[in-house]
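# What follows is a predicted protein model with its sequence.
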Amino acid sequence: MSTEVTWELALIRSWRKLALICAATLSVASTAWQLTYRKFVYDFVFNPNWVNPESLPARQAFLSFVAVAAVGAALLSARALIQARRGRTTWTFHREAFFASLFVLPVLALPEVEFQHPIFTALLILVFSLAVSWLVTRETENLRTLPDLTQRQAHVLVGLGYATFVGVIGFISYWRFITFHAEVCDASYEINSVAGIVRHGYPTLSVAAFFFDGKPLPGPYFVNHVPLSEYLFAPFFFVYRHGSSVVWAQAVVMGAGTFGAYLIGYKWLQSRIGGVLAAFLYVLTPSVQGFCLHDIHANIVTIPLIMLAVGFMEVDRYKTAFLFGLMTAASREETPVYAIGLGLYWMFSTEDRRRFRYGLALVLISGALEVFFSAYLMPHFGGQPRMDHFNLFFFNARNGGSLIAALLLNPLGALMSSSAEVKLEYFAITLSAVGGLALWGWRAGWFLVPMVLLLVPAGNPTFFSLGVNYSAPIVPAALMMSLAGIRHFWFGPTGTEPEATNLQRRKRIRVGSYVLASALLSNYLYGNIASKTYKLEYGQSPLRRENQRNYRDIIGYVDTLPPFGNAERLMWEVIDKVPKNVPVLTSWAINPQFAHYDVALTFGYSGGNPSPEERVKYVIVDKLPAFQTVTEPDIARLRRDTKRWKLFYENASGVVFERLPN
Amino acid sequence: MLLGGDQHLWTYPGNWAQPWAPKEQTHNLRAITAANAVAYGLFSDGRVARLNGSWLPNATGSWSPIEGSAAWGASELGMTQDGHLLVIANGKLRAFEHNTLRTLDCDAIDPVAVAGTVGEGAFVLDSAGALYFNGDGRCDKVPAPAPLRRIAATSARLLAVDTEGLVWRRRENVWSRLPAPVKYQIGQAPAVKQAQDVAVSPYSSWLADTEGAVFILSDET
């Protein structure tokens, strides 16, 4: 007896499968075509209203790819139809969905797409990650259990993640330093500061001599910032008194958030796999990586400190957690705001009285520290917090009260301000790194406090550029809320029944593969570990040694790391000839390499009274390509001024002049 | 200094974040040449003029045409590092001294480009792209890796663009091929461009590509 159904019924039952087969084969054809004709893909996708005449042959060729795909689709569809006619009523769709999503990958691989179209890119990341998640979840259905890792396995994996972060990011930061891509702002500032901590016990500054008119150099850094977190870098510099030690120190400290993320994941997701997943997500976070390449900054250290504080609190190490909370507060003049968010989280996220008290203490101490830094310490040294960074105020007065009043009394204005294109792009880039799950992590919403107070009122685009230190306030919230979002999807119904266990396993595989896919893809696009590009230079032009790819004239990124060639080797020879820790004046490009000297000024920037040339014993000028500042006139002028300067050393990359006695 | 495609003069460096600054001027220029302390221009009407004052962007300056230079038939200018003006006048290499043009050793050559070194030293190119050196009382042919189109020189090095748009450097009698300018465009792989012209300053080498973009060479040392 035949069990065949009518063709009409077969079509009704199988149309979804047939549609996905067609989409998948078309996607594969599109992928192959894009890889063959890469030159035309950008305009094809992003300028669809323009048909480039040069692209017509490629467009014709696309039809051939589609024809082949159509044959494949016809065969596969015929098979599905026959199955339907023979009575089959269900099919899986995940493989077709995965293949249908493949065509976004060549587009994402095109140069600059991710920074030219961040919101579009975020959507593609989410779509592709969903397809991967669906595929992985369905393909692992036969996996009966998802065994947790042993403690040893988990520790090895977390250690590997940390080593990867420190090794790769530390190396790129170091490479950036030795190839003269580090900048006066702020490699010189912060290396000055760390060297001051080691030599004088407190952060000092000389490159910004304009702060210290008529006063001896170096001066106390508190006139400009309160970079107390740089005491963490000081031991590295104490061991090896060279600017590169600070660069490595920053990567070592920033990477330490991996351990905090592990502890958070371990407790929140109640498994070591969850802990390792959280640790990997931290390692892959593009902004955390990028902060290490935007020279050196004290405020970004709050990110690993917050991760460690939350992590230790989760494993009931209250005092250790509180200590990290205090370190967060004391990192820089604005970082008490970060610690207030942390304290509020501890106070209100659980009904744990002890945690509440630690949170309350942290909030109160942080508030007091903020007042101390901004109302006493900085003014005592002649400075004040930089309110010129912000442009959202209630009154004309640029002060904290006016800023908070604007946020509280004009929330729609604040929201409007937050919807500027550059801000939305930055939010999209940040949120897509963990698949947008932060939107489900409101339990950790207290970490938005620094973002609300430090980012929303800011209007300068540099505050919303990946890796720029000013953009840091959103990162703790993005990380913590993403982990809370993962937790939201991580657990299924409780119980020991096979069905409940199976559902739990599927949920974990689904969310785990989803966030890993989005994190890996985001890291490829926006990160620096085995990524598409290196985000090497920050700040507006002409703060560039490279002129390849640009995001809003703020981030300069390159396809490959710059070479360490003969020019750089000879420049280091020049640097090594200069006596140690004598007062020096340098050209812009090589000032960070002297910033560990007590007095290291730079042409055209340091200013102050007496003038820089009156304050130093040696002048070092590079002959590297004059992309940023021209050095040839300085060399010619000093060479002519034989009454004041004599040539001390010169090679093809640079020249050292020694000041003659008066 | 840079002579733009619109025959206007630009100077480098300009203000912070604006590397090139326009230099106010009253004449259209066909060519410029400069040493440390002096600069000359070739007007579109054929006169050769000296720039008074500094070439720096914020400095005021004016051109003083050399009397009688309209009759020279000048097509190219060059300078030595020590400030001697070289002119290709009516198709021959000449030095401008004491308000007159003086014949140099390469008088048998019909040069199309000149690049001074020091003293009477000058590299010249003939219309076939062959390279000669005028100096030491002689005019010697200099072996080159390819027919050349444009040259620039200091006493220590010669830069050249060949007829294929490739860039060459001659230092201590050794020719090296330099990297071609590379441009990075949205959605496109890096594209190698042909060089159009070269210039040198004491420690930098400069390229203009066929699309008018300016590059600083990064491998000079």
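In hand now; what should we look at? Only a predicted model underlies this, so the values are computations on that prediction, with no experimental measurement involved. Numbering: from 1, shown residues only, chains lettered A, B, ... in the order given.
# Am I right that residue B:170 falls within a strand?
Yes. Residue B:170 forms part of a strand when assessed by DSSP: H, G, I helix; E, B strand; the rest coil.
# From residue A:457, how far off is residue A:393?
8 Å (C-beta to C-beta, to the nearest Å). Every C-beta, even on glycine, is put in place using the N, C-alpha and C of the backbone.
# Next up, identify which helix or strand residue 134 is on.
Picking chain A for this. Assigned by DSSP states H and E, residue A:134 belongs to helix A:118-139.
# actually it's chain B I care about, not the one you picked
Taking DSSP H and E as the criterion, residue B:134 maps to strand B:131-135.
# Convert the C-alpha atoms of that strand to PDB, please.
Extracted as PDB, the C-alpha positions of strand B:131-135 are listed here (Å, rounded to 0.1, in the frame of the first residue of the first chain):
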ATOM      1  CA  LEU B 131      71.600  60.000 -16.300                       C
ATOM      2  CA  TYR B 132      74.700  62.200 -16.300                       C
ATOM      3  CA  PHE B 133      76.700  63.900 -13.600                       C
ATOM      4  CA  ASN B 134      78.100  67.400 -14.100                       C
ATOM      5  CA  GLY B 135      81.100  68.200 -11.900                       C
END
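# elements contacting that strand?
For strand B:131-135, the contact count by 3 or more C-beta pairs under 8 Å, 6 or more residues apart in numbering or on different chains; DSSP states H and E identifies strand B:122-126, strand B:138-142 as packing neighbours.
# Next, count neighbours for residue B:127.
12 (other C-beta atoms under 10 Å in any protein chain shown).
# How about the secondary structure of the nearest residue to it once chain neighbours are set aside?
Spatial nearest neighbour of residue B:127, chain neighbours left out: residue B:112 (5.2 Å); criterion: C-beta to C-beta, 6 or more residues apart in numbering or on different chains. For residue B:112, the assignment made with three-state DSSP gives strand.
# ok and the residue in chain A nearest chain B?
Taking C-beta to the nearest C-beta as the measure, chain A has residue A:42 as its residue closest to chain B, at 2.4 Å.
# Domain parsing of chain A, as residue ranges.
For chain A, automatic domain parsing gives the domain ranges A:7-110, A:297-385, A:566-659.
# Can I get these in TSV including mean neighbour count, mean pLDDT and distance to residue A:257?
Putting these into TSV (neighbours: other C-beta atoms under 10 Å in any protein chain shown; pLDDT from 0 to 100; distance: least, C-beta to C-beta, whole Å) gives the following:
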stretch	mean neighbour count	mean pLDDT	distance to residue A:257
domain A:7-110	17	95	27
domain A:297-385	21	96	3
domain A:566-659	20	92	25
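# so which of those domains gets nearest residue B:147?
Proximity to residue B:147 (C-beta to C-beta) singles out domain A:566-659 among the domains of chain A, at 28.1 Å.
# In contact with the residue of chain A closest to chain B, which residues?
With contact taken as C-beta atoms under 8 Å, 6 or more residues apart in numbering or on different chains, residue A:42 is in contact with A:110, A:113, B:186-188.
# In a markdown table: those residues, plus distance to residue A:293.
Output for the contacts of residue A:42, formatted as a markdown table (distance: C-beta to C-beta, whole Å):
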| residue | distance to residue A:293 |
| --- | --- |
| A:110 | 23 |
| A:113 | 21 |
| B:186 | 22 |
| B:187 | 24 |
| B:188 | 25 |
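# does residue B:77 sit in a helix or strand, and which one?
Using DSSP H and E, residue B:77 falls in strand B:74-79.
# need the next SSE after that strand, C-terminal direction.
strand B:85-89.
# got the CA positions of that next one in CSV?
Written as CSV, here are the backbone C-alpha positions of strand B:85-89 (Å, rounded to 0.1, in the frame of the first residue of the first chain):
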residue,chain,number,x,y,z
LEU,B,85,70.7,78.1,-9.0
LEU,B,86,70.8,75.7,-11.9
VAL,B,87,68.6,76.3,-14.9
ILE,B,88,67.7,74.3,-18.0
ALA,B,89,67.7,77.2,-20.4
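# what lines up beside it in the sheet?
Sheet pairing for strand B:85-89, assigned by DSSP bridges, gives strand B:74-79 (antiparallel), strand B:92-97 (antiparallel).
# Next, the residues that contact it from outside, please.
By C-beta under 8 Å, 6+ apart, strand B:85-89 touches B:33, B:38, B:40, B:48, B:72-80, B:93-96, B:101, B:104, B:111-114, B:116, B:122, B:124.
# Please pick the buried ones from those residues.
B:33, B:38, B:40, B:48, B:72, B:74-80, B:93-96, B:101, B:104, B:111-114, B:116, B:122, B:124 (16 or more other C-beta atoms under 10 Å in any protein chain shown).
# returning to that earlier point: what's the mean pLDDT across the strand holding residue B:77?
In this model, strand B:74-79 carries a mean pLDDT of 93.
# Skipping adjacent residues, who's closest to the residue of chain B found nearest chain A in space?
Here chain B gets closest to chain A at one residue, residue B:187, 2.4 Å apart by C-beta to the nearest C-beta. Nearest residue to residue B:187, sequence neighbours excluded (C-beta to C-beta, 6+ apart): residue A:42, at 2.4 Å.
# Ok, residue A:114 next?
Of all residues not flanking residue A:114 in the chain, residue A:525 sits nearest, at 4.1 Å (C-beta to C-beta, 6+ apart).
# cool, residue A:356 as well?
Leaving aside its chain neighbours, residue A:356 sits nearest to residue A:347 (5.0 Å; criterion: C-beta to C-beta, 6+ apart).
# on that earlier part again, and the angle from the strand holding residue B:77 to strand B:122-126?
Between strand B:74-79 and strand B:122-126, the angle comes out at 150 degrees (axes from the mean of the first three to the mean of the last three C-alpha atoms, to 10 degrees).
# For strand B:74-79, which outside residues touch it?
Residues contacting strand B:74-79 (C-beta under 8 Å, 6+ apart): B:31-35, B:38, B:40-42, B:46, B:48, B:85-89, B:91, B:111-116, B:122.
# what pairs with the strand holding residue B:134, and is each one parallel or antiparallel?
Strand B:131-135 sits in its sheet next to strand B:122-126 (antiparallel), strand B:138-142 (antiparallel), going by DSSP bridges.
# Buried deepest among those, which one?
Of the strands paired with strand B:131-135, the one with the most neighbours on average (mean count of other C-beta atoms under 10 Å in any protein chain shown) is strand B:122-126, at a mean of 25.
# Over to the residue nearest the centre of chain A: give its phi and psi.
Taking C-alpha atoms, centre = their mean, the centroid of chain A lies closest to residue A:287, which sits 0.9 Å from it. Phi and psi for residue A:287, reported as degrees, to the nearest 10, are phi -70, psi -40.
# doesn't residue A:465 make contact with it?
No. Using C-beta atoms under 8 Å, residue A:287 is not in contact with residue A:465; the gap is 9.9 Å.
# Mind listing the shared neighbours of those two?
Joint contacts of residue A:287 and residue A:465 (C-beta under 8 Å, 6+ apart) are residue A:471.
# related to what we said a few turns ago, out of the contacts of residue A:42, which is nearest to residue A:371?
Nearest member of the contacts of residue A:42 to residue A:371, counting by C-beta to C-beta, is residue A:113, at 46.1 Å.
# Beyond the one helix or strand residue A:189 maps to, next helix or strand please.
Per DSSP H and E, residue A:189 falls inside helix A:189-200. Following helix A:189-200 in sequence order, the next helix or strand is strand A:204-205 (DSSP H and E).
# Am I right that residue B:42 falls within a strand?
Yes. Under three-state DSSP, residue B:42 falls within a strand.
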